[in-house]
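Asker: Next input, structure requested:
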Amino acid sequence: MKKKLTDEELYERAARDLAQMKCPDFSDVDGEIVCNAFLKVFSGLLPRKEWLEAFKKKVSRFSNGKVVIKEDDSPTVGALGPAAYLLLVSNEKTIKFIFGPYKRPFEFYG
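Answerer: Prediction:
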């Protein structure tokens with residue numbers, strides 16, 4: 001039986017994983033619930049600015065300022081639908097990722 005988490009629980013879990021430089025894994029949660037939760041933060045093809053800024057602050061807070069999310073100004077891949085191209089940055093490394101309103105809302109690449 002797949003878990004049924006609230007939108008806020010999903011966002012919190014994602015922020016905690018990203019703060020540890022881990023790609024959030026929601027395979028134990030109903031895919032429709034995950035998709036719908038992240039679809040709510042999108043307006044058209046991009047996430048709402050205010051939500052994304054609050055989410056970035058949450059990731060930074062969970063990592064004690066060691067991990068930040070930045071915009072990727074030159075993504076090397078393209079999504080087939082709504083998405084944000086972002087960078088997960090720590091002192092040790094930078095990870096490129098795509099964030100979108102999908103069953104797997106976070107995808108690391110490169």
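Asker: Do you know the pLDDT at the residue lying farthest from the centre of the chain?
Answerer: Computed with C-alpha atoms, centre = their mean, the residue of the chain farthest from its C-alpha average is residue 1, at 24.2 Å. The score at residue 1 is 82. That number is its pLDDT.
Asker: same thing with the one 4 residues further on?
Answerer: In the prediction, the pLDDT value recorded for residue 5 is 94.
Asker: Report the beta-bridge partners for the closest residue to it other than its chain neighbours.
Answerer: Spatial nearest neighbour of residue 5, chain neighbours left out: residue 29 (5.7 Å); criterion: C-beta to C-beta, 6 or more residues apart in numbering. Heads up, the C-betas are built off the backbone N, CA and C, glycines and all. Taking DSSP bridges as the rule, residue 29 bridges to residue 3.
Asker: So residue 29 sits against residue 6, correct?
Answerer: No: using C-beta atoms under 8 Å, residue 29 makes no contact with residue 6, being 10.7 Å away.
Asker: the more surrounded of these two?
Answerer: Taking other C-beta atoms under 10 Å, residue 29 and residue 6 do not tie; residue 29 has more neighbours (18 against 10).
Asker: Having no further points to raise, I will conclude here.
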